[in-house]
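Pasting the sequence and the predicted coordinates here, then a few questions.
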Amino acid sequence: EAQVTQNPRYLITVTGKKLTVTCSQNMNHEYMSWYRQDPGLGLRQIYYSMNVEVTDKGDVPEGYKVSRKEKRNFPLILESPSPNQTSLYFCASSQGAGGYNEQFFGPGTRLTVL
Amino acid sequence: GQQLNQSPQSMFIQEGEDVSMNCTSSSIFNTWLWYKQDPGEGPVLLIALYKAGELTSNGRLTAQFGITRKDSFLNISASIPSDVGIYFCAGQLKSTSGTYKYIFGTGTRLKVLA
């Protein structure tokens, strides 16, 4: 089944404890992206990757890192999480970027930072 | 960061009624997208618009790409209970570095009363 998977689905952690949220897609997609969703703010793009060679900042990259060492995986890294990073996170992928490329979203990861 | 102005924020309507929501931006987009998010899931693409003035339908859904490329609307005709969810508009931008990023609206929460 074609899908985007994220792990973990739920995570409660404490301030400053490094964590990684994994994202994997099995559709051979070039473009991958991370979003956070907060009440009243909609979805905001954190980082995106055009392909394994090109990664760029979205609108809210502060406090996050990403890595795209291989096409199928795009982990989101929080080196020192803070309570304001408590949010619902979505990974998405698409065949390409621009134009006629539909983004497929993962099921989401709900992160709470105490 | 950038965000799209989406209205209304929420709507309660009776089953069978038509629904209209819109998005405006100060930026020009080359693609407008409309997504629906069901509770506990990631957004799913409903309609994509690629040209200014374009009017596109998908079943009971109709969306238009504004002439100025700074706005879009989504109409749902004859609403049914399964239309409940959060609807997001999104615009696609080509950044100065040549990469493609997405800006989402704040969402319209739709509740349909049977």
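That came through, no problem. Predicted, not measured: the structure shown is a model, and the values here were computed from it.

Get me the contact residues on chain B for chain A.
By CB under 8 Å from any CB of the partner chain, the residues of chain B that approach chain A are B:1-4, B:6, B:9, B:30-31, B:40-45, B:48, B:50, B:88, B:90, B:92, B:94-95, B:97, B:99-107. The way it works is simple: take the backbone N, C-alpha and C, and place the C-beta from them, glycine included.

now chain B, which segments are flagged as low pLDDT?
B:1 (pLDDT under 70).

so where is chain A shaky, pLDDT-wise?
Within chain A, the stretches with pLDDT under 70 are A:99.

what residues are up against residue B:37?
By CB atoms under 8 Å, 6 or more residues apart in numbering or on different chains, the contact set of residue B:37 is B:43, B:44, B:85, B:86, B:87, B:88, B:107.

what would those residues look like in CSV with secondary structure and neighbour count?
Below are those laid out as CSV (DSSP: H, G, I helix; E, B strand; the rest coil; neighbours: other CB atoms under 10 Å in any protein chain shown):
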residue, secondary structure, neighbour count
B:43, coil, 28
B:44, strand, 14
B:85, strand, 20
B:86, strand, 19
B:87, strand, 24
B:88, strand, 25
B:107, coil, 25
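
I'd guessed residue A:34 sits against residue A:76; true?
Yes: counting by CB atoms under 8 Å, residue A:34 touches residue A:76, with 5.0 Å between them.

who's more crowded, these two?
Using other CB atoms under 10 Å in any protein chain shown as the criterion, residue A:34 and residue A:76 rank with residue A:34 on top: 27 against 23.

which non-adjacent residue is nearest residue A:38?
Distances taken as CB to CB, 6 or more residues apart in numbering or on different chains put residue A:87 closest to residue A:38, at 5.4 Å, once the chain neighbours are dropped.

Please tell me how far residue B:62 sits from residue B:11.
17 Å (CB to CB, to the nearest Å).

What ranges does chain A have for its strands?
Secondary structure of chain A (DSSP state E): strands located at A:4-7, A:10-13, A:19-25, A:31-38, A:42-51, A:54-57, A:65-66, A:76-78, A:87-94, A:104-105, A:109-113.

Could you dump these into JSON lines and include distance to residue B:79?
Output for the strands of chain A, formatted as JSON lines (distance: least, CB to CB, whole Å):
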{"stretch": "strand A:4-7", "distance to residue B:79": "29"}
{"stretch": "strand A:10-13", "distance to residue B:79": "32"}
{"stretch": "strand A:19-25", "distance to residue B:79": "33"}
{"stretch": "strand A:31-38", "distance to residue B:79": "24"}
{"stretch": "strand A:42-51", "distance to residue B:79": "22"}
{"stretch": "strand A:54-57", "distance to residue B:79": "38"}
{"stretch": "strand A:65-66", "distance to residue B:79": "39"}
{"stretch": "strand A:76-78", "distance to residue B:79": "36"}
{"stretch": "strand A:87-94", "distance to residue B:79": "26"}
{"stretch": "strand A:104-105", "distance to residue B:79": "24"}
{"stretch": "strand A:109-113", "distance to residue B:79": "29"}
